[in-house]
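Asker: here's a sequence, model it:
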Amino acid sequence: MKNQRLTFMILAFISVLLAIEYWRSSRASKTPAPVKQEKKAALKEDSIPRVSAADSIARTYAPSAFKADQLKAPRVKAAYQEKNKLLETLYAEKKLDVASLALYLRVFKQEKKIEVWAKDKNRPDYLLLKTYDFCQTSGKPGPKRREGDKQIPEGFYRIVGFNPDSQFHLSLKVNYPNRADEILGDSSNLGGDIFIHGDCVTTGCIPITDDKIKELYLMAIDAKAAGQARIPVSMFPAQMSDENFAALKKAHTGQSRLINFWQSLKAGYDFFNECRKLPNITITEKGDYVCQSGC
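Answerer: Predicted coordinates:
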């Protein structure tokens, strides 16, 4: 009797979630918001297709189902066949349990590198798992503030989408614009659709070649399947050592607002370097990043 009641309660809970998702999807389809995309010559950066209410719930409440769903996509399946053994060896060398894998990405524009950091339930802190080079870049030091400025964003973000059918082989969507960008940027023309992707072209995204995106995409799938709902991505103008920060300040003398912005990014950079733990970042009403102090 108790088991029957428990089963009934679970089914009722899922039914309510499906009803809520259906209602939200119906409302969204009636009043679609305009989406602006970065343009690159005759090509457009990716956009993530809408998912059904049932798929949305499955991805939220059953992460392992998300991996199975992704592996149905031809490019992801091919990437898995090509790269899975390599990743299994890498996880084993680093003594990482893929069943509880968590990732953290750090992007350095000046050095044109993405660092992939990882931990699991057996580790109190993150270790460096892999580093990938950009194969192309655009823009200059400084945050992205409007569509068409060709800037790679700077700030504290997260992965919010997986595109197995990308124009650029495979792609991971970054949640630009975040709240800070909305406050400080051109609110009527912020742009969007910032991705880490394959190929070797960009007007604000981060391309790392088709070969390398296969690895990073599969790592991100593993982390999500292990239960990591949000994969954080910190994007910096450069590696924020004291020397590099001094050089940035010198090169941008008189731009106090920009220098203060970079100082807030450096606080998050320094926290992670010291503690090997994710920085706890908040965004003020003025759009400033504030990082916790002390490990």
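Asker: partners of the helix or strand hosting Trp117 in the sheet?
Answerer: Applying DSSP states H and E as the criterion places Trp117 in strand 113-119. Here strand 113-119 is paired, per DSSP bridges, with strand 102-108 (antiparallel), strand 127-133 (antiparallel).
Asker: now the strands for this structure?
Answerer: Listed in chain order, the strands of the chain (DSSP state E) span 39-40, 43-44, 102-108, 113-119, 127-133, 155-166, 169-174, 194-197, 206-207, 231-236, 281-283, 289-291.
Asker: can I get the ones you listed in JSON lines with mean pLDDT?
Answerer: Formatted as JSON lines, those follow (pLDDT from 0 to 100):
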{"stretch": "strand 39-40", "mean pLDDT": "38"}
{"stretch": "strand 43-44", "mean pLDDT": "48"}
{"stretch": "strand 102-108", "mean pLDDT": "98"}
{"stretch": "strand 113-119", "mean pLDDT": "98"}
{"stretch": "strand 127-133", "mean pLDDT": "98"}
{"stretch": "strand 155-166", "mean pLDDT": "97"}
{"stretch": "strand 169-174", "mean pLDDT": "98"}
{"stretch": "strand 194-197", "mean pLDDT": "97"}
{"stretch": "strand 206-207", "mean pLDDT": "97"}
{"stretch": "strand 231-236", "mean pLDDT": "98"}
{"stretch": "strand 281-283", "mean pLDDT": "96"}
{"stretch": "strand 289-291", "mean pLDDT": "96"}
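Asker: using a markdown table, lay out these together with mean neighbour count and distance to Ser64.
Answerer: All C-beta atoms are positioned from the backbone trio N, CA, C, and that covers glycine. As requested, those are arranged in a markdown table below (neighbours: other CB atoms under 10 Å; distance: least, CB to CB, whole Å):
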| stretch | mean neighbour count | distance to Ser64 |
| --- | --- | --- |
| strand 39-40 | 16 | 35 |
| strand 43-44 | 12 | 32 |
| strand 102-108 | 22 | 15 |
| strand 113-119 | 20 | 19 |
| strand 127-133 | 15 | 21 |
| strand 155-166 | 20 | 15 |
| strand 169-174 | 26 | 19 |
| strand 194-197 | 27 | 23 |
| strand 206-207 | 26 | 28 |
| strand 231-236 | 22 | 16 |
| strand 281-283 | 16 | 29 |
| strand 289-291 | 17 | 33 |
